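A.B. asks: My questions concern the predicted model and sequence given below.
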There are 2 protein chains.
Amino acid sequence: MTSGSATMTMDDAGLSAVIADAGLSIAPAELRALLKRVAASGERAESTAWTELLRPDLPSDVVRRLQEARASVAAAAEPWSRARIDALLAVLARENLAGFVLPLADEHLGEFMPGAARRLSWLTGFSGSAGTAILHRGTAALFVDGRYTLQAEHEVDGAVIEVRHFKQPPPLEWLAGRLTQGERIGYDPRLHSVKQADALVGAIERKGAVAVALAQNPVDEIWTRRPPLPLSPVVPHAIEFAGVSSDDKIEALGRELTDAGHAAAVISQLDAIAWLLNVRGGDTPNTPLVGDAYVLVRASGQADFFVERAKVTARAAAHLGNRTVTRDVSEFPAALAELGAGNAGVLVDPDRTNAFVRDTLAGAGARIVAGTDPTLARKARKNPVEIAGIRAAHERDGVAVALFLKWVSETAPARTVTELDAVAELDRFRARDARYRGTSFETIAGSGPNGAIVHYRPQASTNRRIEAGELLLVDSGAQYLDGTTDITRTLAIGEPPAGARRDYTLVLKAHIAVARAVFPQGAVGGQVDTFARQHLWAAGLDYDHGTGHGVGAYLGVHEGPQRLAVGDATALEEGMLISNEPGLYKTGAYGIRTENLVLVREHPDLAGFRSFETITFAPMDRRLIDVALLEPKEIAWLDAYHAKVRAILEPQMPVEARAWLAEATAPIA
Amino acid sequence: MTSGSATMTMDDAGLSAVIADAGLSIAPAELRALLKRVAASGERAESTAWTELLRPDLPSDVVRRLQEARASVAAAAEPWSRARIDALLAVLARENLAGFVLPLADEHLGEFMPGAARRLSWLTGFSGSAGTAILHRGTAALFVDGRYTLQAEHEVDGAVIEVRHFKQPPPLEWLAGRLTQGERIGYDPRLHSVKQADALVGAIERKGAVAVALAQNPVDEIWTRRPPLPLSPVVPHAIEFAGVSSDDKIEALGRELTDAGHAAAVISQLDAIAWLLNVRGGDTPNTPLVGDAYVLVRASGQADFFVERAKVTARAAAHLGNRTVTRDVSEFPAALAELGAGNAGVLVDPDRTNAFVRDTLAGAGARIVAGTDPTLARKARKNPVEIAGIRAAHERDGVAVALFLKWVSETAPARTVTELDAVAELDRFRARDARYRGTSFETIAGSGPNGAIVHYRPQASTNRRIEAGELLLVDSGAQYLDGTTDITRTLAIGEPPAGARRDYTLVLKAHIAVARAVFPQGAVGGQVDTFARQHLWAAGLDYDHGTGHGVGAYLGVHEGPQRLAVGDATALEEGMLISNEPGLYKTGAYGIRTENLVLVREHPDLAGFRSFETITFAPMDRRLIDVALLEPKEIAWLDAYHAKVRAILEPQMPVEARAWLAEATAPIA
């Protein structure tokens, strides 16, 4: 999913030649700057969609040369040095700040963000996906959760930055314990949610210190060779995939706002914007988002779409509905101030909106109404057209996964396959599909002990050759124009290790318990989570992650509000898409996880009840199942599932793979 | 559990004769007043414990005559009339109050309360256990939950008082919707928890109205023939039952307060006080509580026990430990003010302390620290001595229940037994035990359609003859000196009705799922609740109550914080006692519930995991079980349970009942 390796940078003469052949009117320096921004986007190296930013329908030869030019500009990263911390401390001193709190987040508070927003990573050298840095009176501390403590200690220079567990004590408690009366502590209100900022300010002020919302992030002024903001075109998401027009969605939200007596709502999460406007983009890796964008939905049923003008191609402008007004993203703060000046009631989601937005609105006189982003519940419940697309995408994805499973189980026992080989091969099988847009997250391929590391992603430094007698856990997903997938299979390479069959079968029982679950309207994710866990608990086992997460429709592979997790209190509503992925991890030996996606449906027979429809189709490794541990209803479920896998995949499989499929899906008993 | 029916009142001459024979120095009028207060207590009519209030060790003949005197003073209730509402409206008008909010609660916010505290019942005529009345500008409304809407409409004069469902809309929302600027709304801060009062005041003030905390409850000045406050002696709860001395408990709480930096904690729930001081009383029905009492625990490790002096017999005074200072309850407000004057930090549980206490403390300058009553978690986890007592009580209670089940299943098919007969007979079986102190709640005996009414208690007006071909649901419990029990059995009278065997077996599966549950440390009640419910959900069925509630040790049959219920987030800790009582209700046909109590224990084999030990022993009706619906592990559990029931009960059973027991506990398969 990352762009290809750098080749020699194309010089101005080379760029001029491409420009001339393409018939463009752009200076070579300008094209170079644009190429750097395209290279910073999340688009796959193979994707040519970005060339539409220059001109639609360029000849293929020109496109090929533009791709070469793009590949030639990729920037190399500089090694970390403590000078970064020292420089930041100097800026803080100049600003009379005793400290500074920096989360790993951007203005949109989403899961994926461009390199330019990874200030914490640049500052500390930590490459994980979650963390908070605090500088205070010469001390730098990095707070990470249990997944990342080892990695952070490995990546971060402990002599300069203290690595701390984020609960022992939490960052704000740690900071509060050090504060003295009157100290000024800075934070960037764009990088904290309203709720986080309020907690931060409260913790600081309770100690008699002063929380300072900074107008500019102090990292930005010291960050040398900062990656540019990504640039990719706004791509129409056709009604054949979206099911409901953007106009209809905006109109419905407008009515909702009118009924509640609010003037407007701020939508600042990028997946919410993509869903509402039926657009997709390439600014972030793994998720097809338009970056650096906001929407104001008004009670009048109009939406202002704040986005960089260059991203809005003619095709995108034509696609955006009658209810959408496109404005440059630089106008967003002024638009907030204008809205606030009228003393309007504005709906702001305190968990999903940054504090700068709230502060700007409130400062201008707006009445802030705290409430959940109104797109959230609507986006979570897929409409029939989305469901049809999701089903189709999964039926095709299943073929790629099945062919991969066949390949790896036949090839790996000969000790010729590494984890990274497996990742690449799976991507190649998927890339045969015309609608494939890349992975929905970095593929996890953990062999042997690596499988027991829940967040493991193979990298050059950790890559292992897959050995016979091991388990291989592969958790991967794809983005297709019609749907997002996420599937985990665990398979034996040769003869499985001791204990693996029992453990695999317990995980399978947990998986089947969710797949077969029947629950009333109003039942919540925390209840269904228990359906799975009870089978492991009975053996004194458990797993330290959720049983399932929500999934978008050609959007985020992680999407709220639905979850299957301990303590979750979100009702499971018809049309929600969610993963079913219990697991079991034996440190130093192997990891097991079995994951399908399921759709919440009305129960076909029981009024007032709901159940799941499993929509992921790929064989589960029969060699790892201890039939004696399964109950008759579990065996019946598995056999019926495999029969369906075969019926759906076989017609799409090459003839020479069908015997393998038949065996892999044969009845277990 | 209520006192006997009134006989002719004993005159002064009669009382004088008893006084003389007993050698007491008390005036007849004084004795009459005392007898009325004793009659208002929760003591059983048979109980003679109260005579210790006059003098210990009275001759048995004198005790008998005192009992006659007590029975002769019972007051008859007056019928409800609308004059009560009119009188209250007049008081409100005089006080310039536009409205008044009256919950069904007393100062201690517990489940059971004496008649003198049931202001809402007197005012409205509603006899249920939960409700809120609001008078506002001539309108009177009574808010009750779904259990009570039918009953309230039956009992309450709809022309005078509007009966409303407490969620459509909630009382405070209803009131807020009617308020106008500047209106004064009264409430009695003694009858609302801190949290409730804050919500009430907030809702009123947000509308620009004024919430007025009243110095005196306006109902009290118009309540004619109000029952007196109950009077019963403080009874020592011996260390052989309590396990830990009161001194040790108070010392531990004192250390906890010292460590947290608080000066004191207010304990105002009566079961918490009984537990902390190792005392019991008879002031409330069904639960052996000392009424009208408070405790202040100080960081110094001393406790002030505020209680009416007359209740503290010489025996009780000798029993109370070195760390307890007894003070008259009338001194409590002044003691709060004194505590507050020192600007002390005082721990107040906002859910379990009334607002008057908080307001008095805060008004005097105390720093209020909101936190959970520190006795709660300690009381919930039973110590080994309590567990031994609880086990012994259950083993004896099982004999009474088994003999009752034998009697009713043999007698009722001949159509000679009513629900009230069954209630009385069960009480007689239990009363054979020397440690029996009465029922732990009013016995539910619902035959046929009455069984489907979850909160049904047979009364003269609803009493039904139990018919052959019906189910009988009996949910009952007992207070013994060494433990509190709660058990439900559903049995077939003759041949069971259609569908009953399937439904009984589904409930049994749910019950067994909880009984067999294995769960990790930290697992909460909401998770184990799902263990039970999933078996009914699979058939499109459910029950609209919790799966289990906490139970005290010779204390409340309902005790927190532990529960098995949807959404409950309390961790199940070793030593907690909790009911396991899934059910199923077919309106108009029958109700089914199967209830045992279980203790949370460390799992004997699986480190870090917990499981339940079932401690209730009585046969489950084998004739109602459809073995084909049970899995082998469920059959194994049932047979092992019944074998244990037989092993424990048989030696205690009369010889002639043993053949019945053997058949009732024979293996099912």
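C.D. replies: Yep, it's here.

A.B. asks: Tell me the residues on chain A that lie near chain B, please.
C.D. replies: By the rule Cβ under 8 Å from any Cβ of the partner chain, the part of chain A lying against chain B is A:517-520, A:523-524, A:526-527, A:529-531, A:533-534, A:537-540, A:542, A:566-567, A:569, A:603, A:605-609, A:631. Bear in mind the C-beta positions are built from the backbone N, C-alpha and C, glycine included.

A.B. asks: from the residues you listed, which would you call buried?
C.D. replies: A:517-520, A:523-524, A:526-527, A:529-531, A:533-534, A:537-539, A:542, A:566, A:603, A:606, A:609 (16 or more other Cβ atoms under 10 Å in any protein chain shown).

A.B. asks: Helices - which of the residues of chain A next to chain B land there?
C.D. replies: Among the residues of chain A next to chain B, DSSP state H puts A:526-527, A:529-531, A:533-534, A:537 in helices.

A.B. asks: Tabulate these (TSV), appending pLDDT.
C.D. replies: As requested, those are arranged in TSV below (pLDDT from 0 to 100):
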residue	pLDDT
A:G526	97
A:Q527	98
A:D529	98
A:T530	98
A:F531	98
A:R533	98
A:Q534	98
A:W537	98
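
A.B. asks: Between the residues you listed, which sits nearest B:A589?
C.D. replies: A:Q527 (27.9 Å; Cβ to Cβ).

A.B. asks: May I have the residues that are in contact with the closest one?
C.D. replies: For A:Q527, the contacting residues are A:519, B:526, B:529-530, B:533, B:566, by Cβ atoms under 8 Å, 6 or more residues apart in numbering or on different chains.

A.B. asks: Repeat that for A:V244.
C.D. replies: Applying Cβ under 8 Å, 6+ apart, one finds that A:V244 lies in contact with A:383, A:385.

A.B. asks: now A:G243
C.D. replies: Counted by Cβ under 8 Å, 6+ apart, A:G243 has contacts A:383-386.

A.B. asks: neighbour-wise, which of those leads?
C.D. replies: Neighbour counts for the contacts of A:G243, by other Cβ atoms under 10 Å in any protein chain shown, peak at A:E386, which reaches 24 neighbours.

A.B. asks: which residues touch A:H558?
C.D. replies: The contact partners of A:H558, by Cβ under 8 Å, 6+ apart, come to A:111, A:549-551.

A.B. asks: now the strands: where do they sit in the stretch 401-550 of chain A?
C.D. replies: With DSSP state E, counting those that start in this stretch applied, the stretch 401-550 of chain A shows strands at A:436-439, A:444-447, A:470-476, A:478-480, A:483-484, A:487-493, A:518-520, A:548-550, listed in chain order.

A.B. asks: residue of the stretch 301-450 of chain A with the smallest distance to chain B?
C.D. replies: Distances between the stretch 301-450 of chain A and chain B by Cβ to the nearest Cβ are smallest at A:R367, namely 14.3 Å.

A.B. asks: next one: phi and psi at the nearest residue to that residue once chain neighbours are set aside?
C.D. replies: The shortest distance from A:R367 to any non-neighbouring residue, by Cβ to Cβ, 6 or more residues apart in numbering or on different chains, is to A:G345 (4.5 Å). Backbone torsions for A:G345, taken as degrees, to the nearest 10, come to phi -80, psi 120.

A.B. asks: can you count the residues close to A:G345?
C.D. replies: Neighbours of A:G345 (other Cβ under 10 Å): 17.

A.B. asks: How about the contacts made by it?
C.D. replies: A:261-263, A:366-367, A:369.

A.B. asks: re the thing from before, who wins for neighbours among the contacts of A:H558?
C.D. replies: Busiest of the contacts of A:H558 [other Cβ under 10 Å] is A:V551, holding 27 neighbours.
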